[in-house]
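Enquirer: Starting from these lines, generate the structure:
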Amino acid sequence: MTEAQPKIEGAPLIAPSTTDHPLYDSVVDACRTVFDPEIPVNIYDLGLVYTVAIDPENAVDIQMTLTAPGCPVAGEMPGWVADAVNAVPGVKQVDVNMVFDPPWGMEMMSDEARLELGFM
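Expert: Alright, predicted model coming up:
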């Protein structure tokens, strides 16, 4: 039995995205084509995409969450995201990982999402 890795004090819960990669904006745009079926806002503006990491070989690793762990599309949404991002020219491969730490909160939504949902 292996012991769980201890959390490093001061380490960020959400890893930084590779915002300086040439494919980053296109990958984000692809994420914006995926919608939570229960909320009329795309998953990126909802704040469900935590990290978009792109390596030098154009492999994309996405860390994302759901509005609630029991979301009815939990098993399907990673595939929707992977399909959308795989369609971006130049992307070599896509891995989408579901994480629940930190848990999603309404403060993670973009201003556009808040406006769309009537919170502004």
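
Enquirer: phi, psi of Gly79?
Expert: phi -70, psi -40 (degrees, to the nearest 10).

Enquirer: Check Val52 too.
Expert: phi -120, psi 100.

Enquirer: pLDDT value on the closest residue to it other than its chain neighbours, please?
Expert: Distances taken as C-beta to C-beta, 6 or more residues apart in numbering place Ser17 nearest to Val52, at 4.5 Å, with adjacent residues excluded. Just so you know, the C-beta spots here come from the backbone N, C-alpha and C atoms, and that holds for glycine as well. In this model, Ser17 is scored at 94, pLDDT.

Enquirer: In contact with Ser17, which residues?
Expert: By C-beta atoms under 8 Å, 6 or more residues apart in numbering, Ser17 lies in contact with 24, 51-53.

Enquirer: now Trp104
Expert: Taking C-beta under 8 Å, 6+ apart as the criterion, Trp104 is in contact with 46-48, 65-68.

Enquirer: which of the residues you listed count as buried?
Expert: 46-48, 65-67 (16 or more other C-beta atoms under 10 Å).

Enquirer: Many thanks, I have nothing further to ask.
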